[in-house]
Structures are given as structure tokens and as C-alpha cells.
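S.K.: Here is my input; please provide its structure:
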Amino acid sequence: QNSSRQQLEIEKSYLRRIKILHQIMDDPALEAIRQKRMEELMGSGGSGGGNSVEAQQEQQERKRAMEDQRSSMLAQVLLPAARERLSRISIVKPEKARQVENMILGRAQRGQIGERVGEDQLIKFLEQMNEETSETKTKVTVNRRRDIMNDDDW
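M.R.: Just a heads-up that it's a prediction; the model follows:
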């Protein structure tokens, strides 16, 4: 009789827990949070879905638009000869061309460039960048100790 009473108490406790869980599961605020989280997971490329492809396309479109805006700003600031030289540099050293473009656009936005940049001024910018990068590189010198007995001593 004692074990059946314990069994009955366990079942009642179990039923109370299930009832509480059902109340929690039916909560509209919690359901809204669940829906939002599922949308975030689907949007961030969790297990696939069309949203991740659309998000990637949207991101690529924004990137293209930024690059178009950047190239149009450079076209306004650079003379044709300077643009041509910069495009040739970008073929060989794209990171260096990007740095020069950033420098030119930054100066143009700050108002440090009064007129359009020509080829000569572009060359000066390149030389300036070379000086800046050569200063930051570490220079290693090797001091060799002279032997006590050189071949000349024999």
C-alpha cells in the first residue's frame, strides 16, 4: 500500500509538471521568441533555406555598389593618365594599388587634394608609400665574429 501511494504521488507530480510545461509552451511571448530565433537561424545560413542565398546576393550587390561608387569617385579625382597607371599597378600589385586608392580617396575627402591628381602626383604618392613601408620593415644585420686564426695567418 505504501508503494502504491508513492507511485500515485509520482504520477501526480509528473502530471503537474506536464501541465506546467504545456502552459509554458502555449505562452505567446515565448512562441514569438522561438519564431524570431528560427528566422535568425534560417537567415544566417543555419540549415539552408532560400534566405541565405538571397542574403548572399544582397551582400554581393552591396559590394558591387560600393565598388562602383569607389571607382566613380576615383574617376572624379584622377586624370586619365593617372587612372591608367593605377590600373596597371593593380594588375601587378593589387594590394598596393588599393592602398594608393585609399590614400587618394582619404585625402580627397579631407580636402587635401585641390585639383585632379595627375600621373606625376600619383608617382609621388607611390614613392611616399614606398618610404612609409620601407621604414616599417625590420632590417636584419648579421655581425660575424672573426675567427681567431684566419686563413691569411698561415
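S.K.: Give the full set of residues in contact with the closest residue in space to Val100 that isn't next to it in sequence.
M.R.: Using C-beta to C-beta, 6 or more residues apart in numbering and skipping residues adjacent in sequence, the residue nearest Val100 is Phe125, 5.7 Å away. (Each C-beta comes from the backbone N, C-alpha and C, glycine too.) By C-beta atoms under 8 Å, 6 or more residues apart in numbering, the contact set of Phe125 is Val100, Met103, Ile104, Val117.
S.K.: what's the helix or strand for Met66?
M.R.: Under the criterion of DSSP states H and E, Met66 resides in helix 50-77.
S.K.: What backbone torsions are found at the residue nearest to Val100?
M.R.: According to degrees, to the nearest 10, the main-chain angles of Phe125 amount to phi -60, psi -40.
S.K.: counting contacts, what elements does the helix holding Met66 pack onto?
M.R.: helix 28-43, helix 80-92, helix 94-110 (3 or more C-beta pairs under 8 Å, 6 or more residues apart in numbering; DSSP states H and E).
S.K.: will you turn those into JSON lines that also has mean pLDDT and mean neighbour count?
M.R.: JSON lines is the format used below for the helices and strands packed on helix 50-77 (pLDDT from 0 to 100; neighbours: other C-beta atoms under 10 Å):
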{"stretch": "helix 28-43", "mean pLDDT": "74", "mean neighbour count": "11"}
{"stretch": "helix 80-92", "mean pLDDT": "92", "mean neighbour count": "14"}
{"stretch": "helix 94-110", "mean pLDDT": "89", "mean neighbour count": "15"}
